[in-house]
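In: would you be able to build a 3D model of this:
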Amino acid sequence: GGSKRRQEADAAARSSVFELQVADTLDGEKQPQLIVKGALDREQRDSYELSLRVRDGGDPARSSQAILRVLITDVNDNSPRFEKSVYEADLAENSSPGTPILQLRAADLDVGVNGQIEYVFGAATESVRRLLRLDETSGWLSVLHRIDREEVNQLRFTVMARDRGQPPKTDKATVVLNIRDENDNVPTIDIRKIGRIPLRDGVASVAEDVLVDTPIALVQVSDRDQGENGVVTCTVVGDVPFQLKPASEGEGEPQNKRKYFLHTSAPLDYEAVRDYNVVIVAVDSGSPSLSSNNSLLVRVGDTNDNPPVFSQAVLEVSFPENNLPGERVATVVATDADSGKNAELTYSLEASPLSSESPGGIFSIDPDSGDVSVQAVLDREQRDTYEFQVTARDKGVPSLQGSTTVVVRVADRNDNEPRFMQDVFTFYVKENLQPNSPVGMVTVMDFDKGRNAELSLSIQPSDHDQATGIFSIENDTGTIFSTISFDREQQTSYTFKVKAVDGGEPPRSATATVSLFVMDENDNAPTVTFPSNSSYTVLPPSSNMRTVVATVVATDADTGLNADLNYSIVGGNPFKLFEIDPASGVVSLVGKLAPKHYGLHRLVVQVNDSGQPPQSTTALLHVFVNESLSNATVVEGQVARSLHTPLAQDIAGDPSYELSKQRLSIVIGVVAGIMTVILLILVVVMARYCRSKSKHGYEAGKKDHEDFFTPQQHDKAKKPKKDKKGKKGKQPLYSSIVTVEASKPNGQRYDSVNEKLSDSPGMGRYRSVNGGPGSPDLARHYKSSSPLPTVQLHPQSPTAGKKHQAVQDLPPANTFVGASDNISIGSDHCSEYSCQASSKYSKQVRAL
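Out: Numbering: from 1, shown residues only. Predicted coordinates for the structure are as follows:
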């Protein structure tokens, strides 16, 4: 029955919190929605289990159901809560750091981060934070530093408990710590003057006729502790005619503060006892009890009122070291104005107020004479001053005393030789250092003082005498100077000795060795040992790639990085034919040799070291590219001229190779132009001849008046004659018809001009002939007043890069005649840096 009621209660709760609504969607389906009707509280219930049932509208209806479990998530809606609003605890003072005091506990109904609590100080003074430690996780409060109840007897502050939710919620509690007293303070006794009895510096002067039970001083006793720890009992110790009596009988007086009067308890007899040392002891009631004492000197009568007096407050004595034990150091004497026993003095040694060391083990004093003796051997280097007190006490009762300070200063003897800080001093200096520069410093000391410690330093001559005159030393500082500039390449190190002599009697000395090493500077440029600038290497054109041409060998007088050399080609390699290994200096062929590369190549090789700043040297490597060396004199001449050629100008191969190709192209073009002009003239003449023949017919020797090419002068034609010497005669006044006769490459003749022009422009002969079979007589149409100028091309003609033309004027009177001069196309020539036999091509135009 109970289970059924619980199920019904759960169903009622679910129905009050959740509601199921069914919505119709656009596509006609049912969409159930769970709606929260009531408030959810996770702390009350953190989950719900609902049963969903779906039923169709058939007949009979069919249905199914599912379980829906709803879990309630937490929000930070609960604040932490301390178990108590006020925590109170007792803590013993002087508790050691780390001692736990109490644990603060707070609870938070939330879960997760919202339920995680951290503890921090709230309203707390700086002293609370300095003395206490609060663990923010566990809430344990512990001692951080020792607490003195006499400084603070209660600590009151608040602690906050804060969860880690967003936003965080807090709670606070008040903590009250009562510091429990511990018996850690001794009682204090303060003796003060009362009435007319004088009291000064703990001494009370009391006349011997004072009455019994007369108060002579006020004694105040106090204890900083409380309770039983502060209850003090005070008494006078010893057999003295004095006693303490409470100053007040009131019950309201604090237990830890009391006042007493010091009374006389018996008559005082000056002749028997003149002074009383009254010791007062105070004991508290703590467990264990603590006590303290204070004393009062009561001086009776006016008799022994003069203590012993020394003539000097400080007595200084000089005493030499290395003494014999038992030697007398000094004698001290004190005087006492009293008489009898009060004037009889005894002497003793005590420690000086400025030093707690007892002089008893080293010095002793005769108690009657005051002679001070030394019992040990003194060493000034160990200790040069001793200070102690000599006390003179009279034999009065109470005894009076006086003291003086004795200062024994130990005088030095020359018992220590100079000592260098090192047996061997090693210094490193740079070469090329300026003369008279410091190169090192030696340190020497002498434990003596005065003249015994005055040292004289000098450079000692060595076996090899390498330091004599080179080094000097400054006596005051020990600085060593050099008189020369070092050159590591000449000498790498120096070794010599330095001697120190003190000024004692007899003098003592010591020596030390100085090793000076000269560090290298990059002051030497690399030196090329091979090859020489005037030498050369022959390289056949058929050489393969990576052929070793030569090896540049260089040395450097420096060391280390300053002598680490690298090689590079910086000039004379425009075709990138050669390459040098940076490390070994091996020059290799890396390009393919062509005809234009024949001849001399001058490679500018630069050798650099790795110093800072780097030094470099430039060398010339001459490579002559040719199959063989047929004329060494010519190559040597080229190399000699290379040495006087600026390095910026490249010398690489045959410079005339490209120029020859350009010249050949120009000559072929000129010849082709001349042949074209001749052909045009022939065509024009033949055309006019044919036209004239068709109109008038042809008559030999008849003048054609309609020919505008007719010359202005009519000279008789003369046949050329040769003199007996074989020379030509004068040219005829009329010119013969110009024809072209050329030889074919196979030795045959060309049949026509067209055949000659259609053939490749080779090497042919050109000459003038007088008519021929089928050729018209044009002598009457053309006459020559002057031969054609000759165009001669020289090897020094301008290159193809510039436009140059050989221009010739037409002869006067519109006449044209072939010249008998030769036109040279090729020639044997030797360029400045290569010797090569160029092919000769010649063309001739001759007048027949």
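In: please count neighbours and contacts with C-alpha atoms only from this point.
Out: Will do.
In: check contacts around the residue nearest to the spatial centre of the chain.
Out: Residue closest to the mean C-alpha point of the chain, counted by C-alpha atoms, centre = their mean, is residue 612 at 19.0 Å. Neighbour list for residue 612: 522, 562 [criterion: C-alpha atoms under 8 Å, 6 or more residues apart in numbering].
In: what about it, distance to residue 561?
Out: In this view, residue 612 and residue 561 are 9 Å apart by C-alpha to C-alpha, to the nearest Å.
In: wait, a strand at residue 31?
Out: Yes: assessed by DSSP: H, G, I helix; E, B strand; the rest coil, residue 31 belongs to a strand.
In: wait, doesn't it sit right on residue 20?
Out: No: Residue 31 lies out of contact with residue 20 (C-alpha atoms under 8 Å); the separation is 10.3 Å.
In: okay, now the domains of this protein?
Out: 188-301, 309-411, 419-519, 527-661 (the TED database).
In: before we move on, the earlier item: looking at residue 31 and residue 20, which is more packed in?
Out: Between residue 31 and residue 20, counted using other C-alpha atoms under 10 Å, the more crowded position is residue 20 (13 against 10).
In: what are the bridge partners for residue 160, then?
Out: Here residue 160 shows beta-bridge partners residue 120, residue 172, assigned using DSSP bridges.
In: contacting residues for it?
Out: Here residue 160 is in contact with 119, 120, 121, 122, 170, 171, 172, 173 (C-alpha under 8 Å, 6+ apart).
In: on that earlier part again, I'd like the domains of the chain as CSV, with distance to residue 26 appended.
Out: As requested, the domains of the chain are exported to CSV (distance: least, C-alpha to C-alpha, whole Å):
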stretch, distance to residue 26
domain 188-301, 90
domain 309-411, 108
domain 419-519, 98
domain 527-661, 85
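In: save the ones you listed as CSV, and put in mean pLDDT and distance to residue 134 too.
Out: Shown next, in CSV, are those (pLDDT from 0 to 100; distance: least, C-alpha to C-alpha, whole Å):
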stretch, mean pLDDT, distance to residue 134
domain 188-301, 84, 28
domain 309-411, 86, 46
domain 419-519, 84, 58
domain 527-661, 87, 65
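In: what ranges do the helices span in this protein?
Out: Secondary structure of the chain (DSSP state H): helices at 2-17, 126-131, 632-643, 656-696, 753-758.
In: tell me the mean pLDDT for the last one?
Out: Same thing as helix 753-758. Confidence over helix 753-758 (mean pLDDT, whole number) is 34.
In: what about the closest residue to residue 426 other than its chain neighbours, neighbour count?
Out: Spatial nearest neighbour of residue 426, excluding adjacent residues (C-alpha to C-alpha, 6 or more residues apart in numbering): residue 515 at 4.8 Å. Number of residues near residue 515 (other C-alpha under 10 Å) recorded here: 16.
In: same check, this time on residue 672
Out: Neighbourhood size, residue 672 [other C-alpha under 10 Å]: 14.
In: residue 346 too?
Out: Neighbourhood size, residue 346 [other C-alpha under 10 Å]: 18.
In: again, but for residue 492
Out: Residue 492 - counted by other C-alpha under 10 Å - has 14 other residues nearby.
In: contact partners for the nearest residue to residue 197 once chain neighbours are set aside?
Out: Closest residue to residue 197 apart from its sequence neighbours, by C-alpha to C-alpha, 6+ apart: residue 216 at 5.9 Å. Residue 216 makes contact with 193, 194, 195, 197, 204, 206, 261, 262, 263, 264, according to C-alpha under 8 Å, 6+ apart.
In: from these, which land in strands?
Out: 193, 204, 206, 261, 262, 263, 264 (DSSP state E).
In: mind checking which of those are buried?
Out: 193, 204, 206, 261, 262, 263, 264 (16 or more other C-alpha atoms under 10 Å).
In: buried sites along stretch 42-55?
Out: Quick answer for stretch 42-55 (16+ other C-alpha under 10 Å): 42, 50.
In: pLDDT on it, on average?
Out: pLDDT averaged over stretch 42-55 gives 80.
In: how far away from the center of its chain is it?
Out: 71 Å (C-alpha atoms, centre = their mean, to the nearest Å).
In: hey, C-alpha coordinates of it in PDB?
Out: C-alpha atoms of stretch 42-55 as PDB (Å, rounded to 0.1, in the frame of the first residue of the first chain):
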ATOM      1  CA  ARG A  42      18.000  20.300  -8.200                       C
ATOM      2  CA  GLU A  43      18.700  20.300  -4.400                       C
ATOM      3  CA  GLN A  44      15.200  18.900  -3.800                       C
ATOM      4  CA  ARG A  45      15.100  16.500  -6.700                       C
ATOM      5  CA  ASP A  46      17.700  16.000  -9.400                       C
ATOM      6  CA  SER A  47      15.900  13.800 -11.900                       C
ATOM      7  CA  TYR A  48      12.400  12.800 -13.100                       C
ATOM      8  CA  GLU A  49      11.300   9.700 -15.000                       C
ATOM      9  CA  LEU A  50       8.300  10.200 -17.200                       C
ATOM     10  CA  SER A  51       6.300   7.600 -19.200                       C
ATOM     11  CA  LEU A  52       5.300   8.700 -22.700                       C
ATOM     12  CA  ARG A  53       2.500   6.800 -24.400                       C
ATOM     13  CA  VAL A  54       1.400   7.200 -28.100                       C
ATOM     14  CA  ARG A  55      -1.900   5.700 -29.400                       C
END
